[in-house]
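Asks: Pasted the sequence and its predicted model underneath.
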Amino acid sequence: MKCEWVKANLLLYTYDELLDDARYELEQHVARCGECAAELEGLRQFKGSMAAAPVAEPTPNLLAASRMRLQEALETAEQPRFWQRWTFDLAAIFGRSRFSPALASVIFIVGFAAGIGATYKIVSGNTARVANISSSAQPVESSISGIRAINQLPGSKRVEIKYDTVTTQSAEGSLDDSRIQQLLLFAARNNFNSGVRMDSVDLLSQQPQDQRVREALIYALRYDSNPGVRIKALNSLGNYVRQDVRVRDAVLEALLNDGNPGVRAEAIHLLQPVRADSSVREVLQHLAGQDKNTYIRTESRALLAEMPEID
């Protein structure tokens, strides 16, 4: 066994990711090679120091933003051709089993048996899942893969939401129903379909006084990739610019950083009630003198002109 192979697999060995035969061969080599043994010891010390460091928990906003970016990347990724989907790299599949042909046979037999068992469970469980497709149980966000459609029943506050887990399911209820609210909040933050996000934000805008709803609208304004969704969220937050500093800051961020001129134009209009605020005044002064957009410069100067001079 060569040192190059050992060094390439030391990290896998350190984290117990090597097959038993490969692990045995590596240990035999390390016992004879001082250079590889020293590198293994260094990796073990690094692993120990990393394990002692505190683990920072990601914020819900970071998780939601990451999930949305991943879904959008998957949606726009080039799909493999049909024949590529059915092409297997047999050398790669059995490469790790080169140390033990018997182990490869065992893996094949166990996998075949597991496939039969899984098929039986799926077939036997289909009837129960179909019967419960309109579930009244509280949906668990971690089990939801996406929101398929949102429909408000005409002339009422009742909403029907179709969402995917293993199969597409449906929930129906009032906008005041916590089950419906949870699905709408999930759709506003996570769904890859911009039309569904728009429907969700539109319904959530009917209850902007709810703290969770307002946070979801602020999130949509800051992170949604669709300018129509951002404008809808912006309009829904307009009445809270004066009383909620988080809303005011989110609108200021949109005015300064949003790449869509329509979103920025709407943002500057919403800031009119708080134009005398020191932070808003500072932003307006900056935009009036330096912004590349003529309309934003003109509106900023107009708002500043309406304010009394500060001695």
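Replies: Perfect, I can see it now.
Asks: What residues sit buried inside stretch 301-310?
Replies: The neighbour-count check on stretch 301-310 (16 or more other C-beta atoms under 10 Å) flags Leu303 as buried. Bear in mind the C-beta positions are built from the backbone N, C-alpha and C, glycine included.
Asks: which residues make contact with it from outside it?
Replies: Identification of contacts with stretch 301-310 by C-beta atoms under 8 Å, 6 or more residues apart in numbering yields Ile268, Leu271, Gln272, Arg275, Ala276, Arg281, Leu284, Gln285, Ala288.
Asks: from those, which is closest to Met198?
Replies: Nearest to Met198 among the contacts of stretch 301-310, counting by C-beta to C-beta, is Ile268 at 22.6 Å.
Asks: Quick one: list the elements packing against the host helix or strand of the closest one.
Replies: Using DSSP states H and E, Ile268 maps to helix 261-270. The helices and strands touching helix 261-270, judged by 3 or more C-beta pairs under 8 Å, 6 or more residues apart in numbering; DSSP states H and E, are helix 227-237, helix 245-257, helix 294-305.
Asks: can you redo the ones you listed as CSV with distance to Glu39 and mean pLDDT?
Replies: Putting these into CSV (distance: least, C-beta to C-beta, whole Å; pLDDT from 0 to 100) gives the following:
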stretch, distance to Glu39, mean pLDDT
helix 227-237, 51, 86
helix 245-257, 46, 89
helix 294-305, 58, 89
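Asks: nearest to Ala8, of those helices?
Replies: For these, the distance to Ala8 is smallest for helix 245-257, at 44.0 Å, taking C-beta to C-beta.
Asks: got a list of contacts for that closest one?
Replies: 214, 218, 221-222, 230, 234, 237, 240-242, 263-264, 267-268, 270-271, 274, 277, 279-280, 283, 287, 296.
Asks: just the CA coordinates of the helix or strand that contains Arg179, formatted as CSV?
Replies: Assigned by DSSP H and E, Arg179 belongs to helix 178-190. Only the C-alpha atoms of helix 178-190 are listed here, as CSV (Å, rounded to 0.1, in the frame of the first residue of the first chain):
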residue,chain,number,x,y,z
SER,A,178,-53.0,27.8,13.2
ARG,A,179,-52.5,24.9,10.8
ILE,A,180,-53.2,27.2,7.8
GLN,A,181,-51.1,30.0,9.2
GLN,A,182,-48.1,27.6,9.6
LEU,A,183,-48.4,26.4,6.0
LEU,A,184,-48.7,30.0,4.7
LEU,A,185,-45.6,31.0,6.7
PHE,A,186,-43.7,28.0,5.4
ALA,A,187,-44.7,28.9,1.8
ALA,A,188,-43.7,32.5,2.1
ARG,A,189,-40.2,31.5,3.3
ASN,A,190,-39.3,28.3,1.5
